[in-house]
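1. Quick one, fold the following:
(one chain, ligands or ions: 1)
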Amino acid sequence: MGEPWYINLMDEESRVHSEKVAEKIRQEIQEKGLMGFARFMELALYAPGLGYYCVGTEKIGRHGDFVTAPEISPLFSQCLAGYCQKALSQFNAKTILELGAGTGRMAAEILNTLDQMNCLPEQYLILEISPELKERQKKLIGELSSKHLSRVKWLENLPENSFDGVIIANEVLDAMPVTIFQKTSDGYSERVVGLDEGNNFIWKTRSVSESLNNEIQKLGISFPNNYYSELNLNVNPWVSSLNQILRQGEIIIIDYGFLREEYYHPQRNTGTLMCHFQQRAHSDPLILTGIQDITAHVDFTAVGKFAESLSLKVKNYSTQADFLLRNGLLDLMQKAATTPEQQFILANQVKMLTLPSEMGELFKVMILEK
Ligand SMILES: C[S@@+](CC[C@H](N)C(=O)[O-])C[C@H]1O[C@@H](n2cnc3c(N)ncnc32)[C@H](O)[C@@H]1O
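-> Predicted coordinates for the structure are as follows:
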């Protein structure tokens, strides 16, 4: 057997760091036994001072591990700003709250666009769980939108008092830890993480708890044998907490995902986990511990159904392409493209955002209204 594909892509520093994160997880497995995948993902991504999102490497952007829509094109954030302007004025609201703001590029672009439209929000709140990204956001917003920096406030937790406004979460739900269940001829079990004789992480199974079994049953899907997939048990508490802090306004959720029937399609029998390392996508979360991104697609039926149970209205569920095109993407491109060269660059960005083979169809936009 040859060397793993990623060996030559790791420098000494990332190898040493990865080993530290792996050791932290190993210790917990040695102390407590098999580890649920959600805990593994939580530690690999968010262990304080160690996890992927909590250390100083460049993660998001062309020189990082993956790119997101705001990093691909400013037109994405400008389009979203146009939508926010309408929602803010409909609710006579003056607050935007962004969750998981990544590099801060989208916040800076939204503020600049709203300024040009003469409708700056009084405050632009950011709730970011990674201390390292928070610092990056402060720096980039300071560079790209310095005159609006004073309107931006970083929160440690969701605001205590409810507000009228717009909440935005781009690629946040997919970064939340998920639990993995599997179905075999023996019934359901949980796919968890253990250690082999060489102390490497390996997949193991354990019986499902009563509460996990209830959650699987609630999906209402008859799964075939030899099937595994994910459940994001954080969705309901997350939507519920957003509902509590929003007096009136809208919650815009953008992420890759499907409605339930498609998410749990019989042919999607190995789930939706995806990892990103240096612009390479693969499906093994047990390697490159702490130095790669781990994501799972979003079951938008789960989000919408739970939101409706709280009396939020699902105002929009569409592909990203549809949402952007309905909200003036092409006009924005034409206005911004003043030279043939710029036209070429922006047209390519629009393709990345909207083509079915790129982000256009896999990414969805769900808007919840209160
Ligand atoms: C995949 S990145 C997306 C970043 C950015 N929104 C973008 O589109 O470029 C996920 C972001 O969500 C943050 N995050 C993950 N879970 C979060 C949570 N529960 N609350 C707030 N931020 C969270 C991460 O630290 C990171 O900034």
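
2. make it CA atoms for all contacts and neighbour counts henceforth
-> Fine.

3. Give me every residue in the chain lying close to the ligand.
-> Within reach of the ligand by C-alpha under 6 Å from any ligand atom, the chain has these residues: 53, 68, 70, 99-102, 127-130, 170-172, 175-176.

4. Among these, which are located in strands?
-> 99, 127, 170 (DSSP state E).

5. I'd say the second one and Leu99 touch.
-> Which is Leu127. Yes - counting by C-alpha atoms under 8 Å, Leu99 is a contact partner of Leu127 at 5.0 Å.

6. and the next element down the chain from the helix or strand Leu325 falls within?
-> Assigned by DSSP states H and E, Leu325 belongs to helix 320-326. Next helix or strand after helix 320-326 toward the C-terminus (DSSP H and E): helix 329-336.

7. Mind exporting the C-alpha coordinates of that next one to CSV?
-> Coordinates of each C-alpha in helix 329-336 appear next as CSV, following Å, rounded to 0.1, in the frame of the first residue of the first chain:
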residue,chain,number,x,y,z
LEU,A,329,-27.7,39.4,-9.6
LEU,A,330,-27.5,40.1,-13.3
ASP,A,331,-28.2,43.8,-12.9
LEU,A,332,-25.6,44.1,-10.2
MET,A,333,-23.1,42.4,-12.6
GLN,A,334,-23.9,44.7,-15.4
LYS,A,335,-23.5,47.8,-13.2
ALA,A,336,-20.2,46.6,-11.8
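
8. What helices and strands are in contact with it?
-> helix 74-90, helix 340-354 (3 or more C-alpha pairs under 8 Å, 6 or more residues apart in numbering; DSSP states H and E).

9. What's the local residue count around the residue in the stretch 101-250 of the chain that the ligand sits nearest to?
-> Closest to the ligand within the stretch 101-250 of the chain is Gly102: 3.4 Å, counting by C-alpha to the nearest ligand atom. Look at Gly102: counted by other C-alpha atoms under 10 Å, it has 25 neighbours.

10. Contacts only, for the closest residue to it other than its chain neighbours.
-> Leaving aside its chain neighbours, Gly102 sits nearest to Leu133 (6.2 Å; criterion: C-alpha to C-alpha, 6 or more residues apart in numbering). Shown in contact with Leu133 (C-alpha atoms under 8 Å, 6 or more residues apart in numbering): 53-54, 101-103.

11. Grab the longest helix from the chain for me.
-> Determined from DSSP state H, the single longest helix within the chain is helix 12-32.

12. Can you give me the buried ones in that helix?
-> For helix 12-32, a neighbour-count test (16 or more other C-alpha atoms under 10 Å) marks 14-15, 17-22, 25-26, 29 as buried.

13. now stretch 350-369
-> Neighbour-count burial for stretch 350-369, with 16+ other C-alpha under 10 Å as criterion, is recorded at 350, 352-354, 359-369.

14. swap in stretch 324-333?
-> Within stretch 324-333, the residues that count as buried by 16+ other C-alpha under 10 Å are 324, 327-330, 332-333.

15. And Ile7, how far from the ligand?
-> 24 Å (C-alpha to the nearest ligand atom, to the nearest Å).

16. ok, now His282?
-> In terms of C-alpha to the nearest ligand atom, His282 sits 15 Å off from the ligand.

17. That residue and Cys275 touch, don't they?
-> Yes - under the criterion of C-alpha under 8 Å, His282 makes contact with Cys275 at 5.3 Å.

18. So those two - more neighbours on which side?
-> Using other C-alpha under 10 Å, the more surrounded residue of His282 and Cys275 is Cys275, with 22 against 12.

19. Now the residue nearest to the more buried one when sequence neighbours are not counted: which helix or strand?
-> Among residues not flanking Cys275 along the chain, Ile294 sits closest, at 4.4 Å (C-alpha to C-alpha, 6+ apart). Per DSSP H and E, Ile294 falls inside strand 293-295.

20. Tell me who's in contact with Val172.
-> Per C-alpha under 8 Å, 6+ apart, neighbours of Val172: 99-100, 255.

21. Just the closest of those residues to Arg247, please.
-> Leu99 (17.2 Å; C-alpha to C-alpha).

22. OK, contacts around the closest one?
-> 126-128, 167-170, 172.
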